[in-house]
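Trainee: 3D, please:
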Amino acid sequence: MYDGWRALGSGAVVYFISLIVLGMFIVMTLFLAILLNNFGSDDEEDEGEFGGSGVSDMEAMDLAEVSERNERALMKTSIHTRDESREMATATHTH
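Mentor: Numbers count the residues shown, from 1 in each chain. Model prediction:
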């Protein structure tokens, strides 16, 4: 700034200060736009079939599928365990 002032006069100072102020304004505006956009997208994403519980619809469907698969696996395990215990009981009674 001082070199411009010495070479061109007071017009360089006005140009330099306006450049700095406008640049800061543009950067601040972009930062706030990104920040507000991120807050807005979270609100839209959370609201769905599950009433804004913090879980999106896709996540909730994935969780329901995993839960259903786990329940089926648990039922198969309990059936196999029950069958094995019957076999063991029958084997110990026959000897």
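Trainee: how does this structure divide into domains?
Mentor: 1-46, 53-95 (automatic domain parsing).
Trainee: between those, which gets the lowest average pLDDT?
Mentor: Here the domains of the chain differ in mean pLDDT, and the lowest is domain 53-95 at a mean of 70.
Trainee: contact partners for residue 36?
Mentor: Residues near residue 36 by C-beta atoms under 8 Å, 6 or more residues apart in numbering: none. No exception for glycine: its C-beta is placed from N, CA and C like everyone else's.
Trainee: for the remainder of this discussion, apply numbering that starts at 801.
Mentor: In the new count, where the first residue is 801, that last one comes out as residue 836.
Trainee: any idea how far it lies from residue 830?
Mentor: Separation of residue 836 from residue 830 (C-beta to C-beta, to the nearest Å) stands at 11 Å.
Trainee: again, but for residue 890
Mentor: To residue 830, residue 890 is 76 Å away according to C-beta to C-beta.
Trainee: cool, and residue 871?
Mentor: From residue 871 over to residue 830 (counting by C-beta to C-beta), the distance is 49 Å.
Trainee: in this protein, which spans are strands?
Mentor: Using DSSP state E, the chain contains no strands.
Trainee: burial measure for residue 815, as a count.
Mentor: Neighbour count for residue 815, taken as other C-beta atoms under 10 Å: 13.
Trainee: please name the nearest non-neighbouring residue to it.
Mentor: Closest residue to residue 815 apart from its sequence neighbours, by C-beta to C-beta, 6 or more residues apart in numbering: residue 804 at 7.5 Å.
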